[in-house]
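Visitor: Make a model of this:
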Amino acid sequence: MTAFLLIWSPKKWPWPELPDLAKRVAAGEAVADVWGCGFARSLLSGDRVFLHRVASEPRGIFGSGYVTRAPYEVPDPAYKRGYRLCIEFVYDWLVDANERVVVDRAALRVHPFSVQTWDAQSSGTSIKPIAEGALEKRWAELTGKRASPRLPVASAAAPQGAPVQSSKVTAHARRKRTG
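Guide: Reported below is the predicted structural model:
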């Protein structure tokens, strides 16, 4: 399996729904979301994603999930190319990163994590295998071992190309976060 970073900068993209979303995931709800993936087209359904808070404290990894839909183009006139790439994924772990992260930046500066560039400018950066293995191991130690989350019923039954049931994030916030 391949793992990728999804970057969140609260300075650029407010996410007021995050505390509620984290509570829903903690309660065991299968929550799907949409996220921009920069120029990355190599993410596949089933790939692992880790959410990384950058730009302000607390910095570090605060969520994870599995890709449910590979990158697709979303029309967006704000981009020179006229579209942006997005993925859909389902969370398996999420904490309110305004309060805390699971793996902080200090831990990510130590080998073998240090082989990875964590402060990517956009989402969709592939995590190097040596860092990925170490991250998965540390993640399981800190969050516990869990089965892959089940897809929401609406998502699993949706026809090919249909949007996944969202996490009820407002369109404005999603647009900002997925840039």
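Visitor: Mind picking out the helix or strand in this structure with the poorest mean pLDDT?
Guide: Taking mean pLDDT, DSSP states H and E as the measure, the chain has helix 153-157 as its least confident helix or strand, at a mean of 37.
Visitor: Kindly indicate whether residue 130 is helix, strand or coil.
Guide: The three-state label for residue 130, taken from DSSP: H, G, I helix; E, B strand; the rest coil, comes out as helix.
Visitor: Next one: it from residue 61, what distance?
Guide: 16 Å (Cβ to Cβ, to the nearest Å). For the C-beta atoms, the positions are set from N, CA and C on the backbone; glycine is no exception.
Visitor: what comes up buried for the longest strand along the chain?
Guide: Of all segments of type strand in the chain, defined using DSSP state E, the longest is strand 60-75. Within strand 60-75, the residues that qualify as buried by neighbour count (16 or more other Cβ atoms under 10 Å) are 60-72.
Visitor: So which elements touch it?
Guide: strand 48-53, strand 83-94, strand 103-104, helix 105-108, helix 129-143 (3 or more Cβ pairs under 8 Å, 6 or more residues apart in numbering; DSSP states H and E).
Visitor: Show me the shaky parts of the protein.
Guide: 1, 145-179 (pLDDT under 70).
Visitor: give me that answer again for 90
Guide: Low-confidence segments of the chain, defined by pLDDT under 90: 1, 12-13, 37-42, 55, 76-84, 117-122, 144-179.
Visitor: returning to that earlier point: can you tell me which of the helices and strands packed on strand 60-75 comes nearest to residue 14?
Guide: In this view, the helices and strands packed on strand 60-75 are compared for proximity to residue 14 by Cβ to Cβ, and strand 48-53 is the closest at 12.9 Å.
Visitor: Tell me what the closest residue to residue 69 other than its chain neighbours is bridged to.
Guide: On the basis of Cβ to Cβ, 6 or more residues apart in numbering, the spatially nearest residue to residue 69 that is not a chain neighbour turns out to be residue 88, at 3.8 Å. Under DSSP bridges, the beta-bridge partners of residue 88 are residue 34, residue 69.
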